[in-house]
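Asker: Provided below are the primary sequence and the corresponding predicted coordinates.
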Amino acid sequence: MSKISSAAFADTKPHYDILDGLRGVAALMVVWFHVFEAFATSHVDQRINHGYLAVDFFFVLSGFVIGYAYDDRWGRMTYRDFFKRRLIRLHPMVVMGMLIGAAAFYFGAGGPYEMIAGVPVGRMLLILLLGCLMIPVPPSMDIRGWSETYPLDGPAWSLFFEYIANICYALVLRRLPKLLLGALDGEQLGVGFTRLAYPFIAGLLLSRVGKLIRLRGAFWLCSLCVVAVLAMPHLGTDRLWLNGLYDAVCIIVLFPLVVAAGAGGKVTDRVSKKVCGFLGDISYPLYITHYPFVYIYTAWVVDTRPAWPEALGYGALVYGGSILLAWLCLRLYDLSLIH
């Protein structure tokens, strides 16, 4: 295959600072969602109740950014070039998340993870290897008791589907015209495969159509919208369909509108630009490395049943520690590999 110089890929397009910031806001909400999960007795009383929708928001963002960044490069870019760039961007932090999960694994024994104490080190290291290779773990190889696809770092499941989305984009979706892409969008909605296909394709279609929304103060308004959506209490305890309807409206309508407004807005002041830059920088490291701390925190909460002041104090420590760890991973590891 021909080798393409880095100059050929020089970014000459405007950068969407607000989308970076919104990705960081969603990542911060995910961490709170997981911290409060330790106290939930069911999905109904979970605080930051709709934090799981952040994954769908990430997929809309991903579809938009991938289409914007790569649609016009295929005349001078091979499959190898594309997949290499995506692996360099995504995989180092996947490996770091797995390594942190392995280092923290035995500290999370107890509470809902009683089986951890009986897991041999060799078996844990095998799961680490599978996780670093992004090979899903079958239930028969579970080492935690939660039947997770990646027991050392739960959120990695969404990266598995991110890889699938990238492969589908390179092999199929990039070739589809806007009209056919829109038809595919509706078909996937009809069969209910919204968790990956609809958000990613909606973001990709949005990048091609280019119908953006111009708002003053777009970053702050969109951030408030993302926080409100993800923090919304569970709807309809006796009518579960009502909460499902809320999820569907957020994924199908609201998230594409937020991305359109974020892409159409401008950051004009220094503070907003710095906030967007910082949040965008730590968003991915934070998302992929915070969960090992949550495992330990959850086991501690279940075992000790602490009073709220103590629980929130340690929860804040987990939150702040996760942000610090993400920043250190970014500065000392991820950036050095990318550059």
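Answerer: Now that the structure is in, tell me what you want to look at. Treat the numbers as computed from the prediction; the structure is a model and nothing was measured.
Asker: S62 contacts E162, correct?
Answerer: Yes - S62 is within contact range of E162, at 6.3 Å (criterion: Cβ atoms under 8 Å). (Each C-beta comes from the backbone N, C-alpha and C, glycine too.)
Asker: quick check, R23 in a helix?
Answerer: Yes - the assignment for R23 by DSSP: H, G, I helix; E, B strand; the rest coil puts it in a helix.
Asker: now do the contacts for the nearest residue to it once chain neighbours are set aside.
Answerer: Using Cβ to Cβ, 6 or more residues apart in numbering and skipping the chain neighbours, the partner closest in space to R23 is S283 (4.3 Å). Going by Cβ atoms under 8 Å, 6 or more residues apart in numbering, S283 touches 20, 23-24, 26-27.
Asker: again, 10 Å this time
Answerer: Residues in contact with S283 (Cβ atoms under 10 Å, 6 or more residues apart in numbering) are 20-28, 30, 58, 61, 326, 330.
Asker: now, among those residues, which is nearest to I167?
Answerer: I167 lies nearest to F58 out of these, by Cβ to Cβ, at 17.1 Å.
Asker: for that closest one, what is the enclosing helix or strand?
Answerer: Assigned by DSSP states H and E, F58 falls within helix 54-70.
Asker: check which element follows that helix along the chain.
Answerer: Following helix 54-70 in sequence order, the next helix or strand is helix 79-104 (DSSP H and E).
Asker: what ranges in the stretch 101-250 of the chain fall below the confidence cut-off?
Answerer: Along the stretch 101-250 of the chain, segments meeting pLDDT under 70 span 178-195, 238.
Asker: show me where it has its helices.
Answerer: For the stretch 101-250 of the chain, applying DSSP state H, counting those that start in this stretch gives helices covering 121-132, 156-171, 178-190, 197-209, 218-231, 240-249.
Asker: can you put the ones you listed in TSV and add distance to D303 and mean neighbour count?
Answerer: As requested, the helices of the stretch 101-250 of the chain are exported to TSV (distance: least, Cβ to Cβ, whole Å; neighbours: other Cβ atoms under 10 Å):
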stretch	distance to D303	mean neighbour count
helix 121-132	21	16
helix 156-171	26	18
helix 178-190	43	14
helix 197-209	37	24
helix 218-231	28	19
helix 240-249	31	14
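Asker: so which of these gets nearest V271?
Answerer: helix 218-231 (10.3 Å).
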